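[1] Please find the sequence and the predicted model below.
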Amino acid sequence: MSKRAAIVWFRRDLRLHDNEALNDAMKQGDEILPVYIFDPREWRGTLPLTGLSKIGPHRARFILESVADLRRNLRERGADLIVRTGHPEDILPELSRQCQASWVFCNRERTKEELEVQNAVEQSLWAIGREVYYSRGKLLYYTSDLPFPITQTPDTFTQFRKETERLTPVRDPLPTPSRIPPPAGTGIEPSDLPTLADFGMVAPEPEERSAIDWHGGETAGLDRLVYYLFDSQAVSTYKETRNGLIGSDYSTKFSAWLAQGCLSPKQIYAEVKAYEAKNGANESTYWVIFELLWRDFFRLMGKKHGDLIFRKRGFRDTEELPDWSKDSGLLQRWIEGQTGTPFVDASMREIARTGFMSNRSRQNVASYLVKDLKVDWRMGAEYFEHMLVDYDVTSNWCNWQYVAGVGTDPREDRYFNILSQAERYDPKGEYVRLWCPVLSEAPDEYVHHPEEMSDAEQSACGLRIGANYPNPLVRSSQYRNKPSSTPTGGRRGRGRRSRKTA
């Protein structure tokens, strides 16, 4: 009796633990061919408003490391990872012919470009009598366990949480296979992994100020999970430290591994529950799970509303939009950290050099671009898509909509007063001085509004506004006359929160 072969097409699920597509394939097939494809439409594509590449060097390096780690983990279990560069709808049918696989298993994606690729793959496989089986691998909850169909998902997070948190179970993560049997005698070569240079990218320079030394892959992600929960027990104070700006442990930093599927949200949930069983539950352990609920909510918004998450007016159909511009000069000053507002500049310099910034910084720089500079929010969302090491489609675009007042936030006038935020979350200017060293000698009372120093005071600390630090696009006096419409903790009440992943 001949053995049945199945292809597992890895996408943003670069792990072996809790991988439903892999688990389904091993139930159906006797032999497994794992495949990863670098699609040039993504790896060489550009974004429509800014012209930036879809994937910048920080995330590209992280993905390459993650694919390499996946290959190592597969080889330890007897299989290998077949790596190709090209269009999946061309490559997968050819591989299925070569290994005589009847099925391709993959975890389903739901946003526009990914759906277009899925549909093309499905059509090309059907044309030769092969089938695609889709699995779920992104959410904490299974959609079939939710108390409502996706089309009736509540449009506010508070209502979503109330309807799911106490009623919807979180299933146990699926185990990691001990052995994965590969097809024999196919002649299929695994191929070398491409490099950053193959995609026209230069590796980012090491940055000693980085909040964390990112390393892609399931192995590093699981190590981080164990470290944050059990080795350092930093999880016990997450609620108090989550608005931090400097260092590795003020937040979980799980986001990049979640975004590429190196960590499963169900695995995080299970480990948090294990920590609570051993050490006791508190508000901080709950808030890590709370972050995962926000992540599910945004993914369900993407499933429910489709392309509306990318639309300028978002979910708003009848209301007049603000007069946002596409001023490339203002956008560039923001990107380069040359706005003259130190808290914004420090944050933008951090993301440029590391691919990351804190949640607190993300909210502030987004509000500054949209509400103070009045630049089209989609241009900021595109820059984050290009630059972030932890870019996640729905989390990124739904959060930018939230700040712009065209998304799920019931408060359309949400506004972050940059000066008051800086003074609250960076009271001594340590973060600003770290990333804007020209301000390192500025007195504490002026570090967030250095343009208000006299010429003599500037000279005393080696500063010259308009020469070695830019004149502000928005003067600090404007913030003093404009109160924030955002609670000091962001959306941080029991059912109100701020952004993305943990």
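    Thanks, I have it.

[2] what pairs with the helix or strand containing residue 104, and is each one parallel or antiparallel?
    For residue 104, the enclosing helix or strand under DSSP states H and E is strand 101-107. According to DSSP bridges, strand 101-107 forms sheet pairs with strand 5-10 (parallel), strand 131-135 (parallel).

[3] So which bits of the shortest one are buried?
    Spelled out, it's strand 131-135. Residues of strand 131-135 classed as buried: 132, 134, 135 (neighbour count, 16 or more other CB atoms under 10 Å). Backbone N, C-alpha and C define where each C-beta goes, glycine included.

[4] roughly how far is it from the heart of the chain?
    Taking CA atoms, centre = their mean, to the nearest Å, one finds strand 131-135 lying 25 Å from the centre of the chain it belongs to.

[5] likewise the longest one?
    Taking the mean of its C-alpha atoms, strand 5-10 sits 26 Å from the chain's own mean (CA atoms, centre = their mean).

[6] Only the buried residues of the helix or strand that that strand is followed by, if you could.
    Taking DSSP H and E as the definition, the helix or strand that follows strand 5-10 towards the C-terminus is helix 20-28. For helix 20-28, the neighbour count (16+ other CB under 10 Å) marks 20, 21, 22, 23, 24, 25, 26 as buried.

[7] Also stretch 225-235?
    Residues of stretch 225-235 classed as buried by neighbour count (16+ other CB under 10 Å): 225, 228, 229, 234, 235.

[8] any idea of the mean pLDDT in the helix or strand harbouring residue 293?
    Taking DSSP H and E as the definition, one finds residue 293 inside helix 283-305. In this model, helix 283-305 carries a mean pLDDT of 96.

[9] got it, and stretch 336-352?
    For stretch 336-352, mean pLDDT is 98.

[10] and what of stretch 259-272?
    For stretch 259-272, mean pLDDT rounds to 98.

[11] Then stretch 431-438?
    Mean pLDDT, taken over the full extent of stretch 431-438, equals 98.

[12] if we look at it, which residues are touching it?
    Residues from elsewhere that reach stretch 431-438, judged by CB atoms under 8 Å, 6 or more residues apart in numbering: 209, 245-246, 337, 342-343, 345-347, 349-350, 422, 425-426, 439-440, 442, 447-448, 462-463, 468-469.

[13] Okay, now the unreliable bits of the stretch 1-150 of the chain?
    Within the stretch 1-150 of the chain, the stretches with pLDDT under 70 are 1-2.

[14] how near is residue 73 to residue 389?
    Relative to residue 389, residue 73 is positioned 21 Å away (criterion: CB to CB, to the nearest Å).

[15] So between those two, which is more surrounded?
    When residue 73 and residue 389 are compared on other CB atoms under 10 Å, the one with more neighbours turns out to be residue 389, at 25 against 20.

[16] My understanding was that the more buried one contacts residue 353; is that so?
    No - contact criterion CB atoms under 8 Å: residue 389 and residue 353 do not qualify, at 11.4 Å.

[17] Go ahead and name everything in contact with the strand holding residue 104.
    The contact list for strand 101-107, computed with CB under 8 Å, 6+ apart, reads 4-13, 19-22, 24-25, 28-29, 33, 92, 95-96, 118, 121, 125, 130-138, 183, 261.

[18] ok, residue 300 - how many residues close by?
    Other residues within reach of residue 300 by the criterion other CB under 10 Å amount to 23.

[19] and if you look at the one 3 residues further on?
    The burial metric for residue 303, expressed as a neighbour count using other CB under 10 Å, is 18.

[20] do the same with residue 80
    Around residue 80 sit 17 other residues, with neighbours defined as other CB under 10 Å.

[21] Could you verify my assumption that it touches residue 74?
    Yes - when contacts are counted by CB under 8 Å, residue 80 is listed as touching residue 74 (5.9 Å).

[22] okay, and the common contacts of the two?
    residue 34.

[23] Now do the same contact list for residue 87.
    Residue 87 makes contact with 37, 39, 40, 41, 117, 120 under the criterion CB under 8 Å, 6+ apart.

[24] Distance check, the last one against residue 94.
    For residue 120, the distance to residue 94 (CB to CB) stands at 14 Å.

[25] next one: the fourth one
    As for residue 41, its distance to residue 94 is 18 Å (criterion: CB to CB).

[26] One more: the first one?
    Taking CB to CB as the criterion, residue 37 is separated from residue 94 by 11 Å.

[27] Between these two, which has more neighbouring residues?
    For the pair residue 37 and residue 94, the greater number of neighbours falls to residue 37 (23 against 13), based on other CB under 10 Å.

[28] and that one, what element?
    strand 31-38.

[29] That strand - contacts with which helices or strands?
    strand 5-10, helix 20-28, helix 57-75, strand 82-85, helix 88-99 (3 or more CB pairs under 8 Å, 6 or more residues apart in numbering; DSSP states H and E).
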